[in-house]
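Q: Below are the sequence and a predicted model for it; my questions follow.
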Amino acid sequence: MIIYGVALLSICYLVGNFAGELLGYLLHEDKNVGGVGFSMLLLMFLTERMRKLGHFNSVSAGGVQFWAAMYIPIVVAMAAQQNVMGAIKGGWIAFFAGLLAFIASFMAVPVINRIGLKKHLETSTWNPVPEEDRQ
Amino acid sequence: MIDRLYQTLLSEGLLVGFAITGMVMWGSYWISAKLTKGRIHGSAIAVCVGLLMAWLGGALTGGKNGIADIPSLAGIGLLGGAMFRDFAIVATAYGATFQDLRRSGKAVIVALSVGLVLPFICGASVAFAFGYRDAVSVTTIGCGPVTYIVGAVTGAALGAKSEVIALSIAAGLVKSIAVMIATPMIAKRIGLNNPHTAMVYGGLMGTHSGVGAGLAATDPRLVPYGLMVSTFYTGFGCLLGPSLFYLILQHLLAF
């Protein structure tokens, strides 16, 4: 049933966020540290396991895939509520600081990317062409 | 009559959000296919339309939440809010593989460290260049370009002036918007077409909204890899900002 997938997703979300809160507490800060990351790892682990054991069929997977497909529209809704006016009002300091940071980080990508890239490309089964561009 | 319509929009906010976001997506993909012949990806256009709507909302209401500050469109805020956003992000992890994750561990750690320090140096230098000399203000403005959350948290923790915190947040927003818009355009040039590079990218850019939106418009399959890393970025940033970064600057500025 579809709800199995949605429920599993919710459970991973809740458990992962709790782990993030715990890590934040242990690091003595008020923020959730890596909650979403833990949730993602948990989902990957559980779905892989359950599929192997035959407890997670394609209908259940649909409950997860629906929400994965909703990610882009949700990002658009998120973009629509950014404080764009605030960014503009920040003036030149904010503009320079933000843009300079972006450019510096961007230029570091090819440098750091080299670490382990060759091994990754040799062993990964990844197809670099996005699904919707394939003929 | 109009009043009833307005009431419906108000009480069924989330569904209004679905409807409007769907229409934006449809229009953006149409523009992508017909006007740019697919050269600019539909989701990249949709994100830009979203940002335009946010600007319009801010200009009309003077609020901080973009289009969601218009009461009848508040549902867009619910759809794009933290709960749905994180829920959908977690869902994207379905289909990502541990194998691809594990091999990139070393590069990810380097990317996260450099990704936290570089924007701080940039932000702090700009603050210094514009005449700020006290460690609290320079640290707060420096932490803004890490992400705006780190800027806000650091500023609050150090007791920075509210206009400095506002500047810091604005700097973070500028970076986030730059990442959203630029990622699909520069993806090819930096070889952003595999999980390894997506993770390095997530660690270096860090901003959740920017990395997520940028990767989604580049290749949706890369989203989980980038976000898996950037989810740790803001947390560690909030940890380092008011402590290590502040202490280092305090020493540097004492001379």
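A: Arrived safely. Numbers count the residues shown, from 1 in each chain, chains lettered A, B, ... in the order given.
Q: which stretches of the chain have low pLDDT?
A: All of this is about chain A. Applying pLDDT under 70 to chain A flags the ranges A:29-30, A:132-135.
Q: Correction: the question concerned chain B.
A: Ranges of chain B meeting pLDDT under 70: B:38-39.
Q: domains in it, as residue ranges please.
A: If you go by automatic domain parsing, the domain ranges for chain B are B:9-81, B:98-253.
Q: Out of the ones you listed, which gets nearest to residue B:89?
A: Residue B:89 lies closest to domain B:98-253 among the domains of chain B, at 5.4 Å (C-beta to C-beta). C-beta: built from backbone N, CA, C; applies to glycine.
Q: any idea how far residue B:190 is from chain A?
A: 5 Å (C-beta to the nearest C-beta, to the nearest Å).
Q: should've said residue B:40
A: 13 Å.
Q: Residue A:68 is nearest to which of the domains of chain B?
A: Nearest of the domains of chain B (C-beta to C-beta): domain B:98-253, 8.2 Å.
Q: Let me see the ranges of the helices in the stretch 51-200 of chain B.
A: B:74-79, B:82-92, B:98-103, B:105-129, B:135-143, B:148-158, B:162-186, B:195-205 (DSSP state H, counting those that start in this stretch).
Q: One more: chain A?
A: A:2-26, A:35-53, A:58-69, A:71-79, A:84-89, A:91-113, A:117-123 (DSSP state H).
Q: What about residue 104, how many residues nearby?
A: All of this is about chain A. Neighbourhood size, residue A:104 [other C-beta atoms under 10 Å in any protein chain shown]: 18.
Q: wait, chain B
A: So residue B:104, with other C-beta under 10 Å, has 27 neighbours.
Q: now do residue B:59
A: By other C-beta under 10 Å, neighbour count at residue B:59 equals 12.
Q: ok, the spatially closest residue to it that is not a sequence neighbour - contacts?
A: The spatial neighbour of residue B:59 that comes closest, neighbours along the chain excluded (C-beta to C-beta, 6 or more residues apart in numbering or on different chains), is residue A:85 at 6.2 Å. By C-beta atoms under 8 Å, 6 or more residues apart in numbering or on different chains, the contact list for residue A:85 reads B:54, B:55, B:58, B:59, B:62, B:64, B:66.
Q: Give the buried subset of the residues you listed as a ChimeraX selection command.
A: Of the contacts of residue A:85, the buried ones go into a single ChimeraX selection, burial set by 16 or more other C-beta atoms under 10 Å in any protein chain shown:
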select /B:54,55,58,66
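Q: List just the nearest of the contacts of residue A:85 to chain A.
A: residue B:58 (3.0 Å; C-beta to the nearest C-beta).
Q: Make a markdown table out of the helices of the stretch 51-200 of chain B and add mean neighbour count.
A: A markdown table is the format used below for those (neighbours: other C-beta atoms under 10 Å in any protein chain shown):
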| stretch | mean neighbour count |
| --- | --- |
| helix B:74-79 | 24 |
| helix B:82-92 | 22 |
| helix B:98-103 | 15 |
| helix B:105-129 | 22 |
| helix B:135-143 | 29 |
| helix B:148-158 | 25 |
| helix B:162-186 | 24 |
| helix B:195-205 | 29 |
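Q: Those: which one's closest to residue A:12?
A: helix B:82-92 (6.0 Å).
Q: is chain A contacted by that closest one?
A: Yes. Legend: contact between helix B:82-92 and chain A by C-beta under 8 Å from any C-beta of the partner chain is shown at B:84, B:85, B:86, B:87, B:88, B:89, B:90, B:91, B:92.
Q: what does that helix rub up against?
A: A:9-10, A:12-13, A:16-17, A:35-36, A:39-40, A:43, A:64-68, A:70-71, A:74-75, A:78, B:78, B:212, B:220, B:223-224, B:227, B:231.
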